[in-house]
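Student: turn this into a model:
(2 chains)
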2 protein chains.
Amino acid sequence: MTRARRRTESRRASPIDASSAPFRSLRNPWPPLEVISADEVERLHEAAMHILENVGVEFLDAEALDLWARAGADVDRSIQRVRIDRGLLLETVAKAPSSFTLHARNPARSVVIGGDHVVFSPVGGPAYSTNFERGRRPGTLADYEDLIRLTQAFNVLHHGSEGHVEPADLPATTRHLDGMRALMTLTDKTIMGPARGRLVTADAIEMTAMLFGGRDSLRERPGLITIVNVNSPLRYDDWMLGGLITYARAGQAVIVTPFILAGAMGPITIAGAMAQQNAEALAGVALTQLVRPGAPVVYGGFTTDTHMRSGNPSFGSPEGAWAILAGGQLARRYGLPYRTSGGLNSSNLPDAQAAYESLMSLWPSVLAHANFIYHAAGWIESGLTASYEKFILDVEAVAMIESLLNGFAIDDDTLALPYIEQVGPGGHHFDTAHTLARYSTAFYNPLVSSRQAYEAWAESGGLDAAQRAHRRWKELLANYERPPMDPGIRQALDDYVARRARELDGKSLRT
Amino acid sequence: MTRARRRTESRRASPIDASSAPFRSLRNPWPPLEVISADEVERLHEAAMHILENVGVEFLDAEALDLWARAGADVDRSIQRVRIDRGLLLETVAKAPSSFTLHARNPARSVVIGGDHVVFSPVGGPAYSTNFERGRRPGTLADYEDLIRLTQAFNVLHHGSEGHVEPADLPATTRHLDGMRALMTLTDKTIMGPARGRLVTADAIEMTAMLFGGRDSLRERPGLITIVNVNSPLRYDDWMLGGLITYARAGQAVIVTPFILAGAMGPITIAGAMAQQNAEALAGVALTQLVRPGAPVVYGGFTTDTHMRSGNPSFGSPEGAWAILAGGQLARRYGLPYRTSGGLNSSNLPDAQAAYESLMSLWPSVLAHANFIYHAAGWIESGLTASYEKFILDVEAVAMIESLLNGFAIDDDTLALPYIEQVGPGGHHFDTAHTLARYSTAFYNPLVSSRQAYEAWAESGGLDAAQRAHRRWKELLANYERPPMDPGIRQALDDYVARRARELDGKSLRT
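Tutor: Residues are numbered from 1 along each chain as shown, chains lettered A, B, ... in the order given. Coordinates of the predicted model:
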């Protein structure tokens, strides 16, 4: 293959990799994978209805209880428990849209959440960040900003998450202001906001409204999405409910996500945990529709098993993969967009375990037809830590999946029969006109995966994939370009952050 | 979660992992994933027919040419080229069984190849072997034996491959004898033999017949399977054809596998490479049926892209994944069992790249309903090297896939509604009777994946997955138990090896 090597060296082609691919909306053309039967879907549905009607859900928020009471649910205020009849529940859930557009401040980067659309979003929520340069430490605003820049650098990621890492170097009462400003200014993609209480979320919505021409305009064109986690089993706390209600009322999107470790916050059997997930998710979805019928909402799943000997979660396990797949069947049963997670693992570093576990959640997410695939880049340590190197490795996997979903054309041109005839038995295709015309763009071009033979690889330093990923993020951050923003909007954001930081100084965010 | 931790420490349960799971036949209950339309399947079929009728295939073996001539194909002996009419081809391919049993010397370990059955087989063919103890070196018989022992140690692997690594320390003329004896004595699972010419294969069949009561008995109950690679494009050499004919005549199973790097041995477009794969595979499958109608045969695929800048293969790429998936649709069109590869990658060590690329061939293989998934453990370096550590890491991935395919029951017991009611909102399930009864066996138990929190993991040495895999294979080899074998059979094998080694000394194996 010396001939091929010589030719390419003289050509110096620069094929596109995941750091230079254009932004494209991604569709999933595959049929959803159904791992349980229609009867089994109905059993999980019936079990959820039984739970909602007989056990009920705790809503630790007066306004939420009012909303349920007004809708006709059985509300026991003494224990903040709501039992929900299936008729009421299903009628309310049916008001949710089956898909919606989430708007980006750069309109070319708006995305659809629902149908066969797929949105990949990096990790959100870790307390720590780590990279090979300075090791593992509590997250800072600088780390958060770096991870937003990396999100912006890769068009195969469609979305910037609030809190890629928690900026623990900032005061707890005001860090949401700095965090939102960083997200709004460093990327022009769709963004996620916090779902903590009513004050923090109101700030996030107020700031987002500045990007979209005010609150009335924003209400009709959602520009913010959030994650509302359930305090499983069967409890929504005031913090999350304040968030859910504030977002839904403002017409912004809510991803309702029970977080169930089977054997801890739910039954040890995955079927039982999924029944509980279904009850919890539907209760939250319905609440958004009580606040504002038609409010954009997503059915989220985050169920996996507990490692019973340590009590730690197991991420990227077969149980978690099955929950992702069965969860997709449930979301489709209710006609709701579906959220999963794509880069889950319990490894403490970006090694082989981190990689194979991540693909044990990425593949099921795609096969389940998830519409919003969260944590798709950068997650390690069961979500405690964001890793810069893992971020790059995950982008490679996401980019490969995107390439695979885009598929390969079968037509007269690609079937190449005249060239198969021309080359004949025993020849080679390096030099055909067909090959030469497609030489530099025919194939997926890796971001960090090595294609070097052993000797060349060893001579060039013998770096493993994570070490090469380290080099890539350094280059990408060095070459980062901030997306343009109207100076008036930037000024308004800065003024708002400064004013609210003064107002919130020393206050409690819990209302 | 201290409560859970305390309880397990006092219990010392030993849940089953992949090193102690029982041998089970594996079925794939999922619907096959169809990534191309029925029309596109027909286009690849038509293209293959066009190639076979108009370009033809070279068969560099007089007996193969005779077989084709006798069947009525258009044989040009001056250039050893056979053009095959679609009527003849399809009628001949139709004689192949859609599934067959491959017998193991331990009848409990026989497997079915076809239908919804899945067989996982470790790597075969590398020239080098490597581990963290002694590094990378040309393969030896000792390495080969170690890898057979690891194959025997894991029941999620169903099959032992000829040449997990090539024993280059033995004379080329006789190493097949030592290799086959090692395989036959160190594992009691189904086995693969060499497909090199007529002498080597005759020895393999003669030795296998000793395990199965003689050649007549073996002919009716295949106990040996082999891989016949095509010298793509469109050429079968004498070495492979001698093997194919000898196996088919003896009623032993042949996996016909074109090896096409798109842009090198086939068109640079994956559609064209698949059309060529289809023509090549069908020609080989048909030839087995000309030798012996009904002979067990498998449609194999091994098409991926070339990294055009280096001329090296790309394994675990989107193109390779798509070829695996589309190839399954082709194999099903002809009613043939299907072979793919499950642990492909181009990494030079067992790192994150090795892992994510391997899952980019394992997942598609399962989704394509492959019946025989080769190279599923131990492959690195584009197949040049067998890695002990990668072997263990791959077994973890295979075991997770097996667990996922086995699924999770949904019934009254597993839905656990009484326990969801008992625990109620805000409680936990650690102590329910339901949990306690399932405590130690509920979940997939990892082989090497860590579930330790960061601090505990760092304190216990901070090993990555590959380093932990190193420890596991050491333990497993130390605890290996040779499966029992009738001493008379063992003696007969030894006598045969000794006699044939004398006879073959200094001879050419090429006849």
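Student: hey, what's residue A:131 bridged with?
Tutor: Beta-bridge partners for residue A:131, by DSSP bridges, are residue A:135.
Student: I'd like to know how far residue A:158 sits from chain B.
Tutor: 18 Å (CB to the nearest CB, to the nearest Å). To be clear about C-beta, it is placed using only N, CA and C from the backbone, and glycine gets the same treatment.
Student: tell me who's in contact with the residue positioned nearest the centre of chain A.
Tutor: In chain A, the residue lying closest to the centroid (CA atoms, centre = their mean) is residue A:374, at 1.7 Å. Residue A:374 is in contact with A:121, A:123-124, A:161, A:227, A:255, A:339-342, counting by CB atoms under 8 Å, 6 or more residues apart in numbering or on different chains.
Student: how about a cut-off of 10 Å?
Tutor: Residues in contact with residue A:374 (CB atoms under 10 Å, 6 or more residues apart in numbering or on different chains) are A:119-125, A:159, A:161, A:192, A:227, A:255, A:257, A:300, A:302, A:339-344, A:365.
Student: same check, this time on residue A:301
Tutor: A:256-260, A:274, A:277-278, A:281, A:320, A:323-328, A:330-331, A:338-341, A:365, A:368, A:370.
Student: okay, and which of those residues map to strands?
Tutor: In this view, the contacts of residue A:301 that belong to strands under DSSP state E are A:256-258, A:260, A:338-341.
Student: mind checking which helix or strand of chain A has the lowest mean pLDDT?
Tutor: Counting by mean pLDDT, DSSP states H and E, the weakest-scoring helix or strand in chain A turns out to be helix A:2-11, with a mean of 41.
Student: could you count how many residues lie near the closest residue to residue A:220 other than its chain neighbours?
Tutor: Ranked by CB to CB, 6 or more residues apart in numbering or on different chains and with sequence neighbours excluded, the top spatial neighbour of residue A:220 is residue A:251, at 6.7 Å. A total of 22 residues lie near residue A:251 under the criterion other CB atoms under 10 Å in any protein chain shown.
Student: that's a helix at residue A:251, yeah?
Tutor: No - counting by DSSP: H, G, I helix; E, B strand; the rest coil, residue A:251 falls outside a helix, being coil.
Student: so it touches residue A:222, yeah?
Tutor: Yes - the pair residue A:251 / residue A:222 is scored as a contact, 5.8 Å apart, by CB atoms under 10 Å.
Student: shared neighbours, those two?
Tutor: With CB under 10 Å, 6+ apart as the test, residue A:251 and residue A:222 both reach A:100, A:295-296.
Student: please flag which of those residues sit within strands.
Tutor: Per DSSP E, these map to strands at residue A:100.
Student: give me the beta-bridge partners of residue A:303?
Tutor: With DSSP bridges as the criterion, residue A:303 is bridged to residue A:260.
Student: I'd like to know how many residues surround the one residue in the stretch 51-200 of chain A that gets nearest to chain B.
Tutor: Residue nearest to chain B within the stretch 51-200 of chain A (CB to the nearest CB): residue A:58, separated by 3.9 Å. For residue A:58, the neighbour count with other CB under 10 Å is 21.
Student: those strands in the stretch 351-500 of chain A, which residues are they?
Tutor: Using DSSP state E, counting those that start in this stretch, the strands of the stretch 351-500 of chain A run over A:372-374, A:379-380, A:385-387.
Student: could I get the ones you listed as a markdown table with mean pLDDT?
Tutor: Converted to a markdown table, the strands of the stretch 351-500 of chain A look like this (pLDDT from 0 to 100):
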| stretch | mean pLDDT |
| --- | --- |
| strand A:372-374 | 98 |
| strand A:379-380 | 98 |
| strand A:385-387 | 98 |
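Student: so residue A:64 makes contact with residue A:243?
Tutor: No - if you go by CB under 10 Å, residue A:64 and residue A:243 don't touch, sitting 11.2 Å apart.
Student: residue contacts, residue A:232?
Tutor: Residue A:232 is in contact with A:257-261, A:264-266, A:273, A:276-277, A:279-280, A:302-303, B:425-426, B:428-429, counting by CB under 10 Å, 6+ apart.
Student: could you measure from it over to residue A:383?
Tutor: Distance, residue A:232 to residue A:383, by CB to CB, to the nearest Å: 16 Å.
Student: how about residue A:399?
Tutor: Residue A:399 sits at a distance of 22 Å from residue A:383 (criterion: CB to CB).
Student: likewise residue A:44?
Tutor: As defined by CB to CB, residue A:44 lies at a distance of 26 Å from residue A:383.
Student: of the two, which one has the most company?
Tutor: More crowded of residue A:44 and residue A:383, by other CB under 10 Å: residue A:44, with 25 against 22.
Student: contact partners for the more buried one?
Tutor: Counting by CB under 10 Å, 6+ apart, residue A:44 has contacts A:36, A:271-272, A:274-279, A:326-327, A:329-330, A:333, B:410, B:415.
Student: identify the farthest-apart pair in those residues.
Tutor: Pairwise distances across the contacts of residue A:44 peak at 18.2 Å for A:272 and A:333 (criterion: CB to CB).
Student: out of these two, which sits in the busier spot?
Tutor: residue A:272 (26 against 15).
Student: did I read that right, the more buried one in a helix?
Tutor: Yes - assessed with three-state DSSP, residue A:272 lies in a helix.
Student: next, the residue nearest to it when sequence neighbours are not counted: phi, psi?
Tutor: What sits nearest to residue A:272 in space, not counting adjacent residues and going by CB to CB, 6+ apart, is residue B:416, at 3.4 Å. The phi/psi pair for residue B:416 (degrees, to the nearest 10) reads phi 60, psi 30.
Student: what is the burial count for residue A:277?
Tutor: By the criterion of other CB under 10 Å, residue A:277 has 32 neighbours.
Student: that one and residue A:327 touch, don't they?
Tutor: Yes - judged on CB under 10 Å, residue A:277 makes contact with residue A:327 at a distance of 7.0 Å.
Student: shared neighbours of these two, anything?
Tutor: A:44, A:258, A:299-303.
Student: of all of the stretch 101-250 of chain A, which residue lies closest to chain B?
Tutor: Nearest residue of the stretch 101-250 of chain A to chain B (CB to the nearest CB) works out as residue A:234 at 3.9 Å.
Student: show the pLDDT at the closest residue to that residue other than its chain neighbours.
Tutor: Of all residues not flanking residue A:234 in the chain, residue B:425 sits nearest, at 3.9 Å (CB to CB, 6+ apart). Here the pLDDT value assigned to residue B:425 is 97.
Student: and for residue A:167?
Tutor: The score at residue A:167 is 96. That number is its pLDDT.
Student: am I right that it is in a helix?
Tutor: No - read with three-state DSSP, residue A:167 is coil and lies in no helix.
Student: next, the contact list for residue A:50, please.
Tutor: Listed by CB under 10 Å, 6+ apart, the contact partners of residue A:50 are A:86, A:275, A:279, B:415, B:417, B:420-421.
Student: now go through those and say which are in helices.
Tutor: A:86, A:275, A:279, B:415, B:417, B:420-421 (DSSP state H).
Student: tell me, how many residues neighbour residue A:62?
Tutor: There are 12 residues near residue A:62, going by other CB under 10 Å.
Student: from what I see, it and residue A:238 are in contact.
Tutor: Yes - in this structure, residue A:62 is within contact of residue A:238 by CB under 10 Å, at 8.7 Å.
Student: okay, and the common contacts of the two?
Tutor: Overlap of the contact sets of residue A:62 and residue A:238 (by CB under 10 Å, 6+ apart) consists of residue A:80.
Student: skipping its backbone neighbours, what lies nearest residue A:449 in space?
Tutor: Distances taken as CB to CB, 6+ apart place residue B:353 nearest to residue A:449, at 5.0 Å, with adjacent residues excluded.
Student: could you do residue A:138 as well?
Tutor: Nearest non-adjacent residue to residue A:138, counting by CB to CB, 6+ apart: residue A:168, 4.4 Å away.
Student: report the separation between the one you found and residue B:42.
Tutor: Residue A:168 sits 59 Å away from residue B:42 when distances are taken as CB to CB.
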